[in-house]
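**Student:** with the sequence up front, the predicted model follows.
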Amino acid sequence: MAKLLVLHGPNLNLLGTREPEVYGRTTLADIDAGLVEQARQAGHELESFQSNGEHELVNRVQAARADGTGFVLINPAAFTHTSVALRDALAAVALPFIEIHLSNPHSREPFRHHSYFSDLAVGVVCGFGADSYRYALDAALTRLSA
Ligand SMILES: O=C(O)[C@@H]1C=C(O)[C@@H](O)[C@H](O)C1
């Protein structure tokens with residue numbers, strides 16, 4: 001059994017009512033509940049953590065090195081485009097991770113076209129709304145079973 005960690009960045013706690021035309025109407029709680037069940041059905045454990053604070057996400061990534069986490073799924077949200085610190089934390093713990101976005105940042109404002117994470121990621125899933133998380137977890141589970 002593997003332990004997976006899903007990390008959600010700033011403002012994702014507002015999913016459901018936050019710019020639904022961009023991010024959809026599925027709440028973060030519903031996304032997380034679906035992921036937990038998807039992982040459970042595959043025989044694995046999944047924990048979710050959301051924070052609006054960069055340092056809290058950095059601390060949670062650092063803790064993953066010692067808590068048995070085997071794979072990370074992360075939607076850095078706005079930190080995608082700004083956070084060298086969160087990038088460095090992922091590089092430091094050297095855990096495999098998949099970068100996730102509900103929207104397709106490449107079809108949005110130019111400042112969203114760069115990610116500090118994509119070159120380190122196993123892969124990137126974006127543009128499928130809440131399903132981006134489900135697809136990313138499926139890819140992670142496939143990799144874990146290889
Ligand atoms: O689509 C998403 O999940 C990402 C979420 C955010 O909050 C934005 O700042 C990113 O640019 C895109």
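**Tutor:** Sure thing, it's come through. Numbering: from 1, shown residues only.
**Student:** count of neighbours near the closest residue in space to residue 43 that isn't next to it in sequence?
**Tutor:** Leaving aside its sequence neighbours, residue 43 sits nearest to residue 1 (Cβ to Cβ, 6 or more residues apart in numbering; 5.7 Å). All C-beta spots, glycine's among them, are computed from the backbone N, C-alpha and C. Using other Cβ atoms under 10 Å, residue 1 is surrounded by 11 other residues.
**Student:** wait, residue 1 touches residue 40, no?
**Tutor:** No: taking contacts as Cβ atoms under 8 Å, residue 1 lies outside contact range of residue 40: 10.0 Å.
**Student:** per-residue pLDDT of the residue nearest to residue 43, please?
**Tutor:** Looking at residue 1, its pLDDT stands at 90.
**Student:** got it, and the one 10 residues further on?
**Tutor:** Reported pLDDT at residue 11 in the predicted model: 98.
**Student:** for residue 60, what are its contacts?
**Tutor:** If you count contacts by Cβ atoms under 8 Å, 6 or more residues apart in numbering, residue 60 has them with 5, 7, 49, 51.
**Student:** over to residue 138?
**Tutor:** residue 38.
**Student:** between the contacts of residue 60, which has the most around it?
**Tutor:** residue 7 (26 neighbours).
**Student:** separation between that residue and the ligand?
**Tutor:** 12 Å (Cβ to the nearest ligand atom, to the nearest Å).
**Student:** look up the closest residue to that residue, ignoring the ones flanking it.
**Tutor:** That would be residue 74: by Cβ to Cβ, 6+ apart, it lies 4.3 Å from residue 7.
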